[in-house]
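A.B. asks: With the input below, show me the fold.
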Amino acid sequence: MTAPEITTIEVAAERPYQVQVGPGLLDRLPALAEGALRIAVIHPSALIQTAESVAAVLTEAGLEVTRIDVPNGEAAKTAEVAATCWSVLGNAGFTRSDLIIGLGGGATTDLAGFVAATWLRGVGLITVPTTVLGMVDAAVGGKTGINTAEGKNLVGAFWEPRGVLCDLDLLAGLPRAEVISGLAEVIKCGFIADPVILDLIEPDPDAATRLGTPVLREVIERSIAVKARVVSADLRESTSVGDRIGRELINYGHTLGHAIERREAYRWRHGEAISIGMIFVAELSRLAGLLDEETARRHRALLGAVGLPTSYPVSAFDDLLGTMALDKKTRGGTLRFVVLEALAKARILAGPDPELLREAYRAIAI
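C.D. replies: Have a look, this model is predicted:
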């Protein structure tokens, strides 16, 4: 039998690591965990069976495993849940040589990374994303965080994992709506850095939403490669100066998107909010005289074609504007947006006129 093809993507961070993509990767966990005695597997309630499989692999390798069951989705990303995880680690006697595995979607890996970064000022971390969104976004790049009442990801730390295992077998049974949500981040990578992604999806958008198709695997791998290149060059978002852009590139569409998520009390899927955020910022780019009309229009067409939302209530603008003021890219009260000058060519637009923002919002308002 031919061994399954595994793609390896290097991330050249302060502590370099690899992202492995392919089927049947769970057996590689013990090698990544070498040197640890105790392993904590942080996972959502919905993935108890998968967590048991992970625990079995690790136990068979002679490791002591503690499973920490956390709420599903964004409900896990709170200070209260993080404190519960710290308490479990303390009671289990976790030391600096032990290790945490984040198993689940982006919310779970964000939480697990934050717990790993803060327990004893940093212990080992392995991320095992189980959603398309988790694979192409949250699991790669070393950003960890939790939410507060004031906004999303406002508390966090940079903490690179030892490695990331994107086991494609774990996508089995993922609801189609979750696949579509993940495609928002995939399409984002196409617009900001790798237009081949757009060319792969556009001829048959439905194929990209179906698990197991070659096109879905390729766009996942290409999106991971985009993020790996960006974060390797600017792990801590330190190279964005003036209108030049570093790691903030991957926040394209996120300023408004995060505001929508907060307004919806995180009941919306991340990709749904980011879809609207991208259409908004593409229109902002066009109105600012930076982006051509065809590329701006392409955002709405492609995001809508895969089943993502493209509009939001007109009455929400003032509320969203207030929330955007708390965005992590804001400096000294000045709103800053990642915008496009052309396909795969981005920059920072600082302090746009509020009326320009309002006009751009009309493109998505219903």
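
A.B. asks: Every contact and neighbour count from this point should use C-alpha atoms.
C.D. replies: OK.

A.B. asks: Regarding Val338, what is its secondary structure?
C.D. replies: Following DSSP: H, G, I helix; E, B strand; the rest coil, Val338 is assigned to strand.

A.B. asks: Begin at 37 from now on, thanks
C.D. replies: Renumbered: residue one is now 37, and that last one reads Val374.

A.B. asks: Okay, and the beta partners of it?
C.D. replies: Under DSSP bridges, the beta-bridge partners of Val374 are Ile384.

A.B. asks: Could you tell me how many residues sit around it?
C.D. replies: The number of residues packed around Val374, counting by other CA atoms under 10 Å, is 27.

A.B. asks: ok, it - contacts?
C.D. replies: Residues near Val374 by CA atoms under 8 Å, 6 or more residues apart in numbering: 284-285, 287-289, 317, 382-385.

A.B. asks: now it: how far from Met314?
C.D. replies: Using CA to CA, to the nearest Å, Val374 is found at 10 Å from Met314.

A.B. asks: what's the overlap in contacts for these two?
C.D. replies: Applying CA under 8 Å, 6+ apart, one finds that Val374 and Met314 are jointly contacted by 288-289.

A.B. asks: which residue ranges form the strands in the stretch 137-286 of the chain?
C.D. replies: Counting by DSSP state E, counting those that start in this stretch, the stretch 137-286 of the chain has strands at residues 160-165, 179-184, 187-194, 199-203.

A.B. asks: which helices and strands sit right next to the worst-scoring helix or strand of the chain on mean pLDDT?
C.D. replies: Ranked by mean pLDDT, DSSP states H and E, the helix or strand of the chain with the weakest confidence is strand 187-194, at a mean of 88. Here strand 187-194 touches helix 142-154, strand 179-184, helix 290-299, going by 3 or more CA pairs under 8 Å, 6 or more residues apart in numbering; DSSP states H and E.

A.B. asks: go with 6 Å
C.D. replies: Other elements packing on strand 187-194 under the criterion 3 or more CA pairs under 6 Å, 6 or more residues apart in numbering; DSSP states H and E are strand 179-184.

A.B. asks: quick check: angle from the strand it packs on to helix 142-154?
C.D. replies: Counting by axes from the mean of the first three to the mean of the last three CA atoms, to 10 degrees, strand 179-184 lies at 110 degrees to helix 142-154.

A.B. asks: Phi first, then psi, for Thr166.
C.D. replies: Torsion angles at Thr166 (phi, psi; degrees, to the nearest 10) stand at phi -120, psi 10.

A.B. asks: one step back: looking at the strands of the stretch 137-286 of the chain, which is buried most?
C.D. replies: strand 160-165 (a mean of 28; mean count of other CA atoms under 10 Å).

A.B. asks: residues in contact with that strand?
C.D. replies: 135-141, 171, 197-202 (CA atoms under 6 Å, 6 or more residues apart in numbering).

A.B. asks: How about stretch 386-401?
C.D. replies: For stretch 386-401, contacts defined as CA under 6 Å, 6+ apart pick out 316, 319-320, 347-350, 370-372.

A.B. asks: now it: mean pLDDT?
C.D. replies: On average, the pLDDT along stretch 386-401 is 93.

A.B. asks: Which residues belonging to it are considered buried?
C.D. replies: 386, 393-401 (16 or more other CA atoms under 10 Å).

A.B. asks: Convert that stretch to PDB, retaining C-alpha atoms only.
C.D. replies: In PDB, the C-alpha atoms belonging to stretch 386-401 read as follows (Å, rounded to 0.1, in the frame of the first residue of the first chain):
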ATOM      1  CA  ALA A 386      -4.600  55.000   8.600                       C
ATOM      2  CA  GLY A 387      -7.300  57.400   9.800                       C
ATOM      3  CA  PRO A 388      -9.800  57.300   6.800                       C
ATOM      4  CA  ASP A 389     -12.500  59.900   6.900                       C
ATOM      5  CA  PRO A 390     -15.500  58.600   8.800                       C
ATOM      6  CA  GLU A 391     -17.700  59.500   5.900                       C
ATOM      7  CA  LEU A 392     -15.600  57.300   3.600                       C
ATOM      8  CA  LEU A 393     -16.100  54.500   6.100                       C
ATOM      9  CA  ARG A 394     -19.800  55.100   6.100                       C
ATOM     10  CA  GLU A 395     -19.900  55.100   2.300                       C
ATOM     11  CA  ALA A 396     -18.000  51.900   2.100                       C
ATOM     12  CA  TYR A 397     -20.400  50.300   4.600                       C
ATOM     13  CA  ARG A 398     -23.300  51.100   2.300                       C
ATOM     14  CA  ALA A 399     -21.900  48.400   0.000                       C
ATOM     15  CA  ILE A 400     -22.800  45.700   2.500                       C
ATOM     16  CA  ALA A 401     -25.700  47.400   4.200                       C
END
